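Q: Sharing a model prediction with you, sequence too.
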Amino acid sequence: MVKNPLLQKWEDKLQGIFDKIDHRLEEKYGDLFPLSPNRPARGKGVTPDADGLFDLGVSFSVGLISKLGPGYVFRVKLATPAKVPEQFTEKVEDEVVEMLTDELPKEFPGKDLKVSRDGKVYKIHGDLDLN
């Protein structure tokens, strides 16, 4: 399936932001917990969200049951069999939201994009126009 080139460019920029955030998290926290046995070490997977401790995959949602409408959803997941304290996960989530809030205007100048919790996930929503 061929994607609209404008959509591909938009999603490539967004993925670049998530890759940058993943690298920062791995540098800061990547050695705190053991990796899941089936998880490649940092830099050994196909993409940054597929290796190392952090999985920051992002995907589009039409937002049919969301009060926020359409947007890009993500969760902060740690690929570890260890029990991760909830406070640590919340701290990392806050850092991800802060980094996204800082990076989005740099990659998408003039767009009014917000990062909000939407149930159990976070959502990037707002001006999703491709132009």
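A: Happy to help now that I have it.

Q: Between its first and last residues, how far does stretch 32-51 reach?
A: 15 Å (Cα to Cα, to the nearest Å).

Q: Can you give the distance of it from its chain's centre?
A: Relative to its chain's centre, stretch 32-51 lies at 16 Å (Cα atoms, centre = their mean, to the nearest Å).

Q: Pull the contacting residues for residue 27.
A: By Cβ atoms under 8 Å, 6 or more residues apart in numbering, the contact set of residue 27 is empty. For the C-beta atoms, the positions are set from N, CA and C on the backbone; glycine is no exception.

Q: Kindly report the same for residue 43.
A: Here residue 43 is in contact with 51-52 (criterion: Cβ under 8 Å, 6+ apart).

Q: Just the pLDDT for it.
A: Model confidence at residue 43, given as pLDDT, is 86.

Q: So which residue is dead centre in the chain?
A: residue 56 (4.0 Å; Cα atoms, centre = their mean).

Q: separation between it and residue 103?
A: As judged by Cβ to Cβ, to the nearest Å, residue 56 and residue 103 stand 12 Å apart.

Q: Could you do residue 54 as well?
A: 16 Å.

Q: Please say which of those two ends up with more neighbours.
A: Just comparing residue 54 and residue 103: by other Cβ atoms under 10 Å the higher neighbour count belongs to residue 54, 25 against 17.

Q: buried set for stretch 17-37?
A: Residues of stretch 17-37 classed as buried: 17-18, 21-23, 25-26, 29-30, 33, 35 (neighbour count, 16 or more other Cβ atoms under 10 Å).

Q: what helices or strands is the helix or strand hosting residue 91 leaning on?
A: Following DSSP states H and E, one finds residue 91 within helix 86-107. Helix 86-107 is packed against helix 5-29, strand 113-118, strand 121-126, with contacts defined by 3 or more Cβ pairs under 8 Å, 6 or more residues apart in numbering; DSSP states H and E.

Q: try 6 Å
A: helix 5-29, strand 113-118 (3 or more Cβ pairs under 6 Å, 6 or more residues apart in numbering; DSSP states H and E).
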